[in-house]
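Novice: dropping the sequence and predicted coords here.
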There are 2 protein chains.
Amino acid sequence: MPEFLTVLPPDEALAKLFEYLSAQPQPELIPAADSLNRVTFEAVRAPGPLPAFPRSTMDGYAVRARDTFGASQSLPAYLTIVGEVPMGRAPALDLQPAQAALIHTGGMIPAGADAVVQIELTQQTRDDEIEVLKAVAPGENILRVGDDLSEGETILPAGHWIRPQDLGGLSALGVTRLRVGRRPRVALLATGDEIVPPDSEAGPGQVRDVNSFAASGQIERAGGIPIRYGIAPDNFKQLKRAAESALAECDALVLSAGSSVSARDMTAEVIAQLGKPGVIVHGVAVKPGKPSILAVANGKPVFGLPGNPVSAMVIADLFVATTVYRLQGCAAPPAHRSVRAKITHNLPSQAGRVDYTPARLVAREGEQWAEPIFGKSNQIFTLVFADGMIITPRDSNGLSAGEVVEVRLF
Amino acid sequence: MPEFLTVLPPDEALAKLFEYLSAQPQPELIPAADSLNRVTFEAVRAPGPLPAFPRSTMDGYAVRARDTFGASQSLPAYLTIVGEVPMGRAPALDLQPAQAALIHTGGMIPAGADAVVQIELTQQTRDDEIEVLKAVAPGENILRVGDDLSEGETILPAGHWIRPQDLGGLSALGVTRLRVGRRPRVALLATGDEIVPPDSEAGPGQVRDVNSFAASGQIERAGGIPIRYGIAPDNFKQLKRAAESALAECDALVLSAGSSVSARDMTAEVIAQLGKPGVIVHGVAVKPGKPSILAVANGKPVFGLPGNPVSAMVIADLFVATTVYRLQGCAAPPAHRSVRAKITHNLPSQAGRVDYTPARLVAREGEQWAEPIFGKSNQIFTLVFADGMIITPRDSNGLSAGEVVEVRLF
């Protein structure tokens, strides 16, 4: 049994896991309008320039700039209105010297015109005449073809996590379908003779499965598809068979160990036998969550979460969610939500280890404070009643009361 | 036409809208396992205490504390091992004086025992005997019934946005179905003779619909169901009919105006005629986004977004997303993702107005900087190429280069 031979810091543990992970993102063609929170499989390039025609950025008059040179409040330029640019159509106009055409924001610049005078800088003197009170330079208030985007320009790189504005950008370019990374199916299997499903009466000595459900939420948030395989008994053969078949059907496997030592040991043994190369990391320098396992079996990632629900969520956040993004091809997962707050208590730690401490946000005299939740238990309700986690970094010996810390909203 | 009679700051505008909004959240009963990102319709209370039986928090031996009093490394207490507590079952044991039972983390404390000695503080001397090297107090290393939760205790308040740990907590309590706020259906209707759908060839003078798609993403993120009704022509009767039927079928309506003044005016006029009380706010002290409309028609919220895509996204973020949360009963929407960064340029502003400036995050000498994206255009690609928005608060006259600012990740 490899028992904490090498307890690695979280970032090194993750790098080591990824080094052995051969699984590549798989493409899936979907409607662009449904691609929120998905990840681009390949770079998306502009099929044409934007704008595709010269447009006005103002409400005003399309003019020939030189006709306005020298114009001022006291010495306006007089131009003849020869028409109005219709929205959504090319104007049937060809501006001649001393002519102007009414134009709206977004309207197409008519032939002959090379600038737009804002309506506020004009005065209508007759039905078909305006005074221009200020000169405009050629190109002023005009978006030229390609000013926003040139043809072929990359608008979204490969591995990009798609946001609402990206949906708008894709639509602007007429991209209605695109290839995204397929959402990985992540199998969840709980073990432990004391664990029963949530719809069971929990008898004496029994507790309902927590980790499969909390981790499902974490996987879903990261874009994965959680598939719960229920609870396997503390029996080596049965656990191994259940783990093998879950892993065969999915892209990754999360095993949540029972809380007894024997169940934990058995889980480790099963993970070691699921496929090559096997266990990559056993033990992570993070508190809580140290007794965690990162493995790769036949190219697929396998995670052994500790039975303790707080530990399990820390490990799922650090490793499972990050891997789920990676399996979609996401180069830089979206930042965690976080807030800054002053810490209410000293929080001792140990250099070399990353600490996660559940905390509640409280307002005191108009300031935001983070109150660590200390308790006898590390049960799930510590996190249900928390707003987030205070993270004590690896190089810190602890945090002092009053210090401003980043609280990761969980 | 009410033309910017009262330009309100965003928070006051929102408060005024909510004052007129009579729509109440509607309940929906769903499987608890599917409730991630939903909002509790009512408080969820613990159906029973947790733990439901006294549990060990350690691997070790269940003992009678008094049998260990005075025990030390040099003068251990000797106890007879009378059995092992099975996981998942009530132990068939009743501890007598000077007896101990092997127990695992999470195991049920046997009758007669009132403490657990950690395995590390014992030494096995014979098959059926241990030395206890340190005294334990009554209750030590035991979670008593109700230590985590008492029966009837509120675990999730009404209006709570459900997170992964909450799924775990619900499962722990055997709550497999719960009532959440129904996801509001939000109708999106674009107007403007120049607007064509994304699957169209955009001819001269035409642009594809951007705002319906970007706003769809924002609505979806907030838990709403976006329903796109396409593009209505710049014709009062047709626009009004389309808006009425969309609003009748949905819980809210978002109208995205065309970019011409006449289209904007018409949109405002249509919104005013959709139902009582009508327009609540016309004009918001935010840049970009000033020419926005907040209205209530027969109890349902109606939003008139500016045609400019950046403005439209700012307004949808401030008002539409917040209203979508409110319609689900969400008291405190989840915090925006944000990061802190130093600003690379001065950003002048005007007190009394909130400014949103698209910005790119860049690393410089190990520090994170936010580089405002200035450009001729306010097109969607300003935001596609941005990581977020720098928000200049209402009371500020501007931000100075080098200042640390909060960048809201869009």
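Specialist: Arrived safely, thanks for sending. Residues are numbered from 1 along each chain as shown, chains lettered A, B, ... in the order given.
Novice: what number of residues lie near A:Glu367?
Specialist: One way to gauge burial is a neighbour count; for A:Glu367, by other Cβ atoms under 10 Å in any protein chain shown, it gives 10. (C-beta placed from N, C-alpha, C; glycine too.)
Novice: quick check: bridge partners of the residue nearest to it when sequence neighbours are not counted?
Specialist: Counting by Cβ to Cβ, 6 or more residues apart in numbering or on different chains, A:Lys342 is the residue found nearest to A:Glu367 once chain neighbours are left out, at 6.4 Å. In this structure, A:Lys342 has the following beta-bridge partners (DSSP bridges): A:Trp369, A:Val404.
Novice: so how far is B:Val384 from A:Lys342?
Specialist: A:Lys342 is 37 Å from B:Val384, where distance means Cβ to Cβ, to the nearest Å.
Novice: between those two, which one's more packed in?
Specialist: For A:Lys342 versus B:Val384, the count of surrounding residues by other Cβ under 10 Å is larger for B:Val384: 25 against 15.
Novice: in the longest strand seen in chain A, which residues are buried?
Specialist: Longest strand in chain A by number of residues, with DSSP state E as the criterion: strand A:354-364. Under the neighbour-count criterion of 16 or more other Cβ atoms under 10 Å in any protein chain shown, strand A:354-364 has A:Val354, A:Asp355, A:Tyr356, A:Thr357, A:Pro358, A:Ala359, A:Arg360, A:Leu361 buried.
Novice: what strands line up against the strand or helix carrying A:Gly83, and which way round?
Specialist: Element membership for A:Gly83, per DSSP states H and E: strand A:77-84. Using DSSP bridges, the strands paired with strand A:77-84 are strand A:99-103 (parallel), strand A:129-132 (antiparallel).
Novice: distance to A:Arg64 and mean neighbour count added to the ones you listed, as CSV?
Specialist: What follows is these, written out as CSV (distance: least, Cβ to Cβ, whole Å; neighbours: other Cβ atoms under 10 Å in any protein chain shown):
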stretch, distance to A:Arg64, mean neighbour count
strand A:99-103, 8, 25
strand A:129-132, 11, 19
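Novice: sorry, back to before: roughly how far does the residue nearest to A:Glu367 sit from A:Pro301?
Specialist: Computed with Cβ to Cβ, the distance linking A:Lys342 and A:Pro301 is 38 Å.
Novice: ok, A:Asn308 next?
Specialist: Relative to A:Pro301, A:Asn308 is positioned 21 Å away (criterion: Cβ to Cβ).
Novice: swap in A:Asn346?
Specialist: 37 Å.
Novice: quick one on the thing from earlier: confidence score at the residue nearest to A:Glu367?
Specialist: Note for A:Lys342: predicted pLDDT of 97.
Novice: so which bits of the stretch 1-150 of chain A are right by chain B?
Specialist: Within the stretch 1-150 of chain A, the positions lying close to chain B (Cβ under 8 Å from any Cβ of the partner chain) are A:32-33, A:36, A:50-53, A:57, A:59, A:85-91, A:104-108, A:143, A:147-149.
Novice: how about A:Pro306, nearest residue that isn't a chain neighbour?
Specialist: Leaving aside its chain neighbours, A:Pro306 sits nearest to A:Pro291 (5.1 Å; criterion: Cβ to Cβ, 6+ apart).
Novice: give me phi/psi at the one you found?
Specialist: phi -80, psi 60 (degrees, to the nearest 10).
Novice: before we move on, back to that, now the buried residues of strand A:354-364 as CSV including pLDDT and distance to chain B?
Specialist: What follows is the buried residues of strand A:354-364, written out as CSV (pLDDT from 0 to 100; distance: Cβ to the nearest Cβ, whole Å):
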residue, pLDDT, distance to chain B
A:Val354, 94, 19
A:Asp355, 95, 18
A:Tyr356, 95, 12
A:Thr357, 95, 14
A:Pro358, 96, 9
A:Ala359, 96, 13
A:Arg360, 96, 13
A:Leu361, 97, 10
